[in-house]
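Asks: A predicted structure for the sequence below; I have some questions about it.
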Amino acid sequence: MLIELHGSIAEVIFHNKENYYTIAVVENDEEQFTAVGFLPAADRGRTYLFRGQWKNHPTYGEQFSFTEYQEEMPSTYEGIENFLSSGVLKGIGPKTAAAIVRKFGEETFSVIENEPHRLTEVDGIGEKKAAAVTEAFIAHKEFAEVSLFFQQFGITPAYTMKLYKIYGSDTIRAVTENPYQLVDDVFGIGFKKADKIADKMGIDKNSDYRIQSGIKYSLWLYVNEGHTYVPQKLFCENTAELLEVGTEQVYDMLVQLAFEGEIHIENLEGRAVVFLMPYYMAEQNVCKCLIALNNSGLKPIRSNVDQLISATERETGIMLSDNQKYAVKSSLQNGASVITGGPGTGKTTIINTIIKIFENNGFSSAIAAPTGRAAKRITETSGYEASTIHRLLEYYYSEGEDTMRFGKNSEDPLQYDVIIIDEASMIDIMLMNGLLNAIKPGTRLIVVGDADQLPSVGAGNVLRDMIDSEVINSVKLTEIYRQAKESLIVVNAHKINKGEYPSCNERDKDFFLLRKKSEREMLETIKSLCVKRLPEYYQGCDAIRDMQVLSPIRRGLLGSINLNKELQKVLNPPSEELKEKAFGDRIFREQDKVMQIRNNYQLEWKRFEDFTEGQGIFNGDVGFIQTIDKEYNEITVVYDDNRFVKYDFSQLDEIELAYAITVHKSQGSEFPIVIMPVSWFPPMLATRNLLYTAVTRGKQAVILVGSDNKMHAMVDNNRITERYSGLSVRLKAFLEQ
């Protein structure tokens, strides 16, 4: 049973502008009490009816914890004046508020709402200002009604505010008619949350709106697992189970959505499959563009290719193997080509050779990678300036469409003779589609990557599909360079890839297994390695910048979330000199290592040296917190040692600590020292190619912490989760036409 208490806000102790969590002193004629709960407008003088329960806080004593609130419009002269001067109506300060109340008294609100022209009778208020005051007052009343209505359905004030900004005075009607439209319209409200709201509103489980929204939600679940499509029979069965409706109902709505153009159904390799329309269109276009590149005429190379390779070998002093020469020739002679191979097989050498040959022949070339870290590494190892694919394509944020667009496309293509894409295992179907849209036929596209690494985080299996199709000319490098053979990291990576157990702890080598039995021992060992043992062993090694702890998982004692909390305690502990900001269950502290966890094309950055500006921080970018400014509610993060970004406190859900990251997030990066726990992990994660990917991230040393049995189990587990991706099938079909 909820208790009701009336009162006016006398003092605001705390108010979070992000989620509206409020601690305020409230008073009425009989008492003064502390109210705690979520309140959008926490201004002195505002009067509310609160519903909640008394609770005893161990530190702050008795507090009234409210779960519902209802604003009450004041009726006394003083109350009306306090309300008007509280800031709720922009443009009215204390003096104007007092003048309005003196003029209209208890009729003030009626005048504002129904006779706005009369406000001009008050000195300092013209027609324009009077209209603005009335508009703000009506909007305030509307929002109060909307907020009160949605409290019964468990919609927080923060989400209510988002809804009102989208639907305005039509909010209640729009949401009650179809709460599932919130999934498409409001960021942060997914199908499950909308389904709960709909259930409280009494929406039938068999509602067409529900089944339609559930189908799209279910398809997105598959996309988020990396699939571009899903077999129709499997999809209908799983979605029917998820929604607790009949399979026939799902199928009927599926057909309707296909007619409306939101999804695509087709027969692929003898079975009906379902695509979300953007992924079908992307897959079709990628196939078409690759075939066009393959079949188009190429700008001729002036000299004999063998002579060009020999001249480059003399210039660089690096002799290529026959297989490497073949890879170079393939890239020179084909419109689209793939070069794949593991560590130490000379992919970088081949890239350098190719660029030099094209350069000597007067060809213009560009080199790019999916991530900023990968691009930076290419620049360091090759000497050629590389960029991210996004920057190559001149991405920008389109405010009108509320989405990201590429400036370079089929209408304004890239003006290069050659485009080289490295770390191609990370490219998903949507990014590949954007890239190929901007490459005109006659351009040579050279795709380089390690097909045995984990596939892209986004949907699709682009590199593997290009190779498997046998339509795109592909060369696999298998011979390990002589210098690379001296590294156990390289040797062991190839062993793991072949299903052989790695060699560990050899004298003066770079691959170690520290044998520990319990997860607690593993955790303590990892902390000890970072704080003491490795910095002492590798002189000049920075525990934060030069070491990277990787984990196959996010949750659990050895997951990246807990590892980050534990490593932050020992690598960047609390200090009076370091400011910090709590955000949810995380604490951000100055000097912390952090990672951007989703693409944000609007975030602005500046360079230290010349203050040049740019936009865009991407999923996987790693930086360091320079300052935390609680006066301006912002955190400054420095990326690449020379770009700084200011995050408002409301944006802190975009970053997380990065002392430990998942193996998936490490793709495209190299770190001097890699440390990874080897314990029991879910079989779908404790796989050979995950271990292979983790090991190939290390440059100077790889240290596994765990047991031989668990390491061997990962090598033995060659489980590769099937990705439903149709690119290879489409490429083969084009070849057979």
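Replies: Sure thing, it's come through.

Asks: which element is Ala368 on?
Replies: Element membership for Ala368 (DSSP states H and E) is strand 365-369.

Asks: likewise for Val637?
Replies: Going by DSSP H and E, Val637 is part of strand 634-639.

Asks: partner strands of that strand and their direction?
Replies: If you go by DSSP bridges, strand 634-639 pairs up with strand 622-629 (antiparallel), strand 643-648 (antiparallel).

Asks: export the ones you listed to CSV and tack on mean neighbour count?
Replies: Bear in mind the C-beta positions are built from the backbone N, C-alpha and C, glycine included. Output for the strands paired with strand 634-639, formatted as CSV (neighbours: other Cβ atoms under 10 Å):
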stretch, mean neighbour count
strand 622-629, 18
strand 643-648, 19
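
Asks: for Gln70, which of the ones you listed is the nearest?
Replies: Gln70 lies closest to strand 643-648 among the strands paired with strand 634-639, at 30.3 Å (Cβ to Cβ).

Asks: could you export the closest one as PDB, CA atoms only?
Replies: The C-alpha coordinates for strand 643-648 follow below in PDB (Å, rounded to 0.1, in the frame of the first residue of the first chain):
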ATOM      1  CA  ARG A 643      43.200  13.700 -30.200                       C
ATOM      2  CA  PHE A 644      41.100  14.700 -27.300                       C
ATOM      3  CA  VAL A 645      37.300  14.300 -27.000                       C
ATOM      4  CA  LYS A 646      35.000  15.800 -24.400                       C
ATOM      5  CA  TYR A 647      32.200  13.400 -23.200                       C
ATOM      6  CA  ASP A 648      29.300  14.800 -21.400                       C
END
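
Asks: distance from that strand to the middle of the chain?
Replies: 17 Å (Cα atoms, centre = their mean, to the nearest Å).

Asks: repeat that for stretch 304-317.
Replies: Computed by Cα atoms, centre = their mean, the chain-centroid distance of stretch 304-317 equals 43 Å.

Asks: and it, what's buried?
Replies: Going by neighbour count (16 or more other Cβ atoms under 10 Å), the buried part of stretch 304-317 is Leu308, Ile309, Thr312.

Asks: just those now: which is nearest Asp29?
Replies: Of all the buried residues of stretch 304-317, Asp29 sits closest to Thr312, with 90.2 Å by Cβ to Cβ.

Asks: in three-state terms, label that closest one for me.
Replies: Under DSSP: H, G, I helix; E, B strand; the rest coil, Thr312 falls in the helix class.

Asks: OK, contacts around it?
Replies: Residues near Thr312 by Cβ atoms under 8 Å, 6 or more residues apart in numbering: Thr353, Lys356, Ile357, Asn360.

Asks: for the stretch 451-600 of the chain, give me the ranges with low pLDDT.
Replies: For the stretch 451-600 of the chain, the stretches with pLDDT under 70 are 482-485.

Asks: from Leu392, how far out is Ala368?
Replies: The gap separating Ala368 from Leu392 is 4 Å, by Cβ to Cβ, to the nearest Å.

Asks: what do the two both touch?
Replies: Common contacts of Ala368 and Leu392 (Cβ under 8 Å, 6+ apart): Ile419.

Asks: now for the nearest residue to Leu2 once chain neighbours are set aside, how many residues are close by?
Replies: Excluding the flanking residues, the one nearest Leu2 by Cβ to Cβ, 6 or more residues apart in numbering is Arg51, at 4.3 Å. By the criterion of other Cβ atoms under 10 Å, Arg51 has 17 neighbours.

Asks: do the same with His140
Replies: By other Cβ under 10 Å, 16 other residues sit near His140.

Asks: helices of the stretch 601-737 of the chain, residue ranges please.
Replies: Using DSSP state H, counting those that start in this stretch, the helices found in the stretch 601-737 of the chain span residues 663-666, 688-695, 708-716, 727-736.

Asks: done for today, thanks.
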